[in-house]
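Visitor: What follows is a predicted structure for the sequence shown.
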There are 2 protein chains.
Amino acid sequence: MLDDRKAAILRAVVECHIKTAQPVSSAYVAQLGDLSVSPATVRNEMAVLEQDGYLFQPHSSAGRVPTDKGYRFFVDSLSGPAPLGAPQAELVRMFFARAHGEIERMLAETSGLLSSVTDYAAVVVAPSAPEPGRVRSLQLVKLTAHVVLAVAVLGNGAVERRALELPVELTDAQVERASAAAASFQVGATLDKTGDPGPTGDTAVDTLASTALQALRGPEPEVGTSHVFVGGAARMATAFEAVSTIRSVLGILEQQYVLVTLLKDVLDRGLTVAIGTEHGLAPLADCSVVVAPYEVDGERAGTVGVLGPTRMHYDQALAAVAIVSKKLSKALSEGDQGLSPPSGRQRSTG
Amino acid sequence: MLDDRKAAILRAVVECHIKTAQPVSSAYVAQLGDLSVSPATVRNEMAVLEQDGYLFQPHSSAGRVPTDKGYRFFVDSLSGPAPLGAPQAELVRMFFARAHGEIERMLAETSGLLSSVTDYAAVVVAPSAPEPGRVRSLQLVKLTAHVVLAVAVLGNGAVERRALELPVELTDAQVERASAAAASFQVGATLDKTGDPGPTGDTAVDTLASTALQALRGPEPEVGTSHVFVGGAARMATAFEAVSTIRSVLGILEQQYVLVTLLKDVLDRGLTVAIGTEHGLAPLADCSVVVAPYEVDGERAGTVGVLGPTRMHYDQALAAVAIVSKKLSKALSEGDQGLSPPSGRQRSTG
DNA sequence: CTCTGGCACTCGGTAACCTTGAGTGCTAGA
DNA sequence: TCTAGCACTCAAGGTTACCGAGTGCCAGAG
């Protein structure tokens, strides 16, 4: 373990490097005044810190730069998220006051919000399972001879929708009966509830009703199975100097699957912050990730995260991620449609 | 006007510069063999082309680079879009064969497709007006005491949805009656059809039905009024060398409003291609835009476009944009849900 | 035993300088 | 009107020298 002075020096180095992106000299740390020692003493300590793997010297006449291990120590020793700055907090407040039940758009905008609050890129992973809210309405609509659309409106205003292909053509009346049967079975229950409506006497109708319910209960089909919303990718171009870094990071940000896996891995390992190579994605070696899960009706549903340079403002990112995931959980849960009053929404002129 | 030889030289310079991103020398053009003249002759011609503003010399001992005017000439003299490469064409075919009725996701994926086909960034602007398709189903769902959700399923499988706030609480029965009234009035017609269902005898019900219909007919409320889907933004990082350029271009790509305006402006001016500064957006001075509108049921609905460096492969971009907008129009129009059996039928007509 | 001041040393960064060669403009002759 | 030849220009790349930030180490003070 590090003694107090080493820890203080390490923290000073990390903080300075976060600010300046430059190697930090012993003189700077000494002259900081937090601990009254001479640069020489700092140098000695820094030499030890380097041997222990917390610092790294780009070349022999340069200052020190924190290693991933150094950042890890720094993050672990953080007292917790910083309080969010007043303008950012206001932004978050405003945002969720206006939020609405259209889940996809909301998530997309959340990624934008998180990015503008932190000034890094933000990632929001949508729930992969369907919304667990209670079904408020369920309906089968015949689109063409062989295609029926199953539409369910959930308690929080989200709409689940599945297209079904029919092997045999059904009459409008049959589709209607199936629709009624499926609705009377599932409306008022959550999509967790499995089982089929009782037989109507028409096998084709029964099959359709059952198929539709199954489709709605299952995850969305194929294409972009988990949705990922990336906000503020452009900020990564500001965060790095080297074009090659920018390229590889942006490349990763467009690979939804990789992102989902990345965030999931980090969470699965019980981490909130993954620094540098800790997450094992080589192209993101210069990046850190700050993640938090969000919940829908008490169950872990998706993930929000911030992707920034290793030298990111961890305290602020932690704060932003925490508050956004909390508010998002609330906005997505059944009790709160986010449709609450504030400014002029759609309004019935009765 | 340019004589034949000057035009040929200019074309050669543009083509070479598109390939190499380097200034083009007289020797290269001469040795190309298309016109059998010596480098010196080419030089003389190039000097004239420079005076006329078609070419530009970065410094006195460098080759020539085309100006925006030079690119404009090149594009105008293109015989038309190149045939799409076989792998790209296959990609497009596969994509639209699998396409489905969820319009938003489809547009988002279209932007990805267009980007991977062209290797530039792609922009798809969603229709700002609601889908004009016929209403297949319409329903009002009471979410909370004061919030009702109006959901309409359209002929092509798209779902329009509006949240309504009620000044007074209505009973479930009242909402149901309003739902039925609104449905019987609008189902089977397009959302163009205005008017209200006949009076039911309950003013509150009539008001709700009428409000719901109005809301559905109108555009989606506020937030991200026109949706813009950007695909392959990361490719811009590959297209440019200068970090500053990358930054400003990526910045623009995240400003939805600016993008919508940009594409709209270009189209309004009757252009398909806007080169360099022609579009007047300073941060995109090194970029060109290739755009095409797409239609839904015969009416111009949205825009697809490709954003690349000025030295982009115009012929391929033109081809890709054209085919994608055509297929997209078809997929979004009522006749074709795109829900058709995957690899089966795919017309080559359009 | 710990800290500090002093000093020599290291090495990246910058500037000055030179060389190279690609590419031009010009001119005289076919 | 075209072309061959030639002198000229100038970015790019390599070499050298210098500067100075920052270190490591040591000897002496507390």
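Guide: Received the coordinates, thanks.

Visitor: all strands of the stretch 251-350 of chain A, in order?
Guide: For the stretch 251-350 of chain A, the strands defined by DSSP state E, counting those that start in this stretch cover A:273-275, A:287-296, A:299-309.

Visitor: closest to B:Gly112 out of the ones you listed?
Guide: Evaluated with CB to CB, the strands of the stretch 251-350 of chain A place strand A:299-309 nearest to B:Gly112, the distance being 19.9 Å. C-beta coordinates here come from the backbone N, C-alpha and C atoms, glycine included.

Visitor: Roughly how far does A:Arg210 sit from chain B?
Guide: One correction, residue A:210 is Ser, not Arg. From A:Ser210 across to chain B, the span is 20 Å (CB to the nearest CB, to the nearest Å).

Visitor: For that residue, which non-adjacent residue is spatially closest?
Guide: A:Asp196 (4.4 Å; CB to CB, 6 or more residues apart in numbering or on different chains).

Visitor: ok, now A:Arg64?
Guide: Counting by CB to CB, 6+ apart, A:Leu55 is the residue found nearest to A:Arg64 once chain neighbours are left out, at 4.1 Å.

Visitor: need the contact list for the one you found.
Guide: A:Leu10, A:Val13, A:Met46, A:Leu49, A:Arg64, A:Val65, A:Pro66, A:Thr67, A:Gly70 (CB atoms under 8 Å, 6 or more residues apart in numbering or on different chains).

Visitor: Read off the pLDDT value for it.
Guide: Here, the pLDDT recorded for A:Leu55 equals 96.

Visitor: which stretches of chain A have low pLDDT?
Guide: A:97-102, A:128-133, A:156, A:219-226, A:334-350 (pLDDT under 70).

Visitor: Name the residue most distant from the centre of it?
Guide: A:Gly201 (47.1 Å; CA atoms, centre = their mean).

Visitor: before we move on, the earlier item: adding distance to B:Glu254 and mean neighbour count, write the strands of the stretch 251-350 of chain A out as a markdown table.
Guide: Converted to a markdown table, the strands of the stretch 251-350 of chain A look like this (distance: least, CB to CB, whole Å; neighbours: other CB atoms under 10 Å in any protein chain shown):
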| stretch | distance to B:Glu254 | mean neighbour count |
| --- | --- | --- |
| strand A:273-275 | 25 | 25 |
| strand A:287-296 | 19 | 24 |
| strand A:299-309 | 15 | 23 |
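
Visitor: Now those strands in a markdown table, please, with extra columns for distance to A:Val42.
Guide: Listed next are these as a markdown table, based on distance: least, CB to CB, whole Å:
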| stretch | distance to A:Val42 |
| --- | --- |
| strand A:273-275 | 24 |
| strand A:287-296 | 26 |
| strand A:299-309 | 25 |
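
Visitor: Nearest to chain B, out of these?
Guide: Closest approach to chain B among the strands of the stretch 251-350 of chain A (CB to the nearest CB): strand A:299-309, 13.5 Å.

Visitor: Could you measure from the residue nearest to A:Ser210 over to chain B?
Guide: Per CB to the nearest CB, A:Asp196 is found 22 Å from chain B.

Visitor: Would you check how far apart that residue and A:Leu164 are?
Guide: Distance of A:Asp196 to A:Leu164, given as CB to CB, to the nearest Å: 15 Å.

Visitor: For those two, indicate the residue with more neighbours.
Guide: Taking other CB atoms under 10 Å in any protein chain shown, A:Asp196 and A:Leu164 do not tie; A:Leu164 has more neighbours (18 against 15).

Visitor: quick one: contacts of the helix or strand A:Glu176 falls within?
Guide: Using DSSP states H and E, A:Glu176 sits within helix A:172-186. Contacting residues not belonging to helix A:172-186 are listed as A:135, A:137-142, A:148, A:150, A:152, A:170, A:193, A:195-198, A:200, A:202, A:204-206, A:208-210, A:212-213, A:216 [CB under 8 Å, 6+ apart].

Visitor: and those, which are buried?
Guide: Buried members of the contacts of helix A:172-186, scored by 16 or more other CB atoms under 10 Å in any protein chain shown, are A:135, A:137-142, A:148, A:150, A:152, A:170, A:197, A:202, A:204-206, A:208-210, A:212-213, A:216.

Visitor: Restricted to helices, list those residues.
Guide: A:Ala204, A:Val205, A:Asp206, A:Leu208, A:Ala209, A:Ser210, A:Ala212, A:Leu213, A:Leu216 (DSSP state H).

Visitor: from memory the fifth one sits against A:Pro199, does it?
Guide: The one in question is A:Ala209. No: look at A:Ala209 against A:Pro199 with CB atoms under 8 Å: they stay out of range, at 9.8 Å.

Visitor: Spatially nearest residue to the one residue in the stretch 101-250 of chain A that gets nearest to DNA strand D, not counting backbone neighbours?
Guide: Nearest residue of the stretch 101-250 of chain A to DNA strand D, counting by CB to the nearest atom of the strand: A:Val243, 15.8 Å away. Ranked by CB to CB, 6+ apart and with sequence neighbours excluded, the top spatial neighbour of A:Val243 is B:Val243, at 5.7 Å.

Visitor: just A:Val42 next, same as before
Guide: Closest to A:Val42 by CB to CB, 6+ apart is A:Ser26, at 4.1 Å.

Visitor: same deal with A:Arg43?
Guide: A:Ser26 (4.3 Å).

Visitor: Burial check on that neighbour, number of neighbours?
Guide: A count of nearby residues for A:Ser26, using other CB under 10 Å, gives 22.

Visitor: List phi and psi for it.
Guide: Main-chain dihedrals, A:Ser26, degrees, to the nearest 10: phi -60, psi -40.

Visitor: Could I get the contacting residues of it?
Guide: Contact analysis of A:Ser26 by CB under 8 Å, 6+ apart lists A:Pro39, A:Ala40, A:Val42, A:Arg43, A:Met46, A:Gly63.

Visitor: restrict these to those near DNA strand D?
Guide: For DNA strand D, the contacts drawn from the contacts of A:Ser26 by CB under 7 Å from any atom of the strand are A:Pro39, A:Ala40, A:Arg43, A:Met46, A:Gly63.
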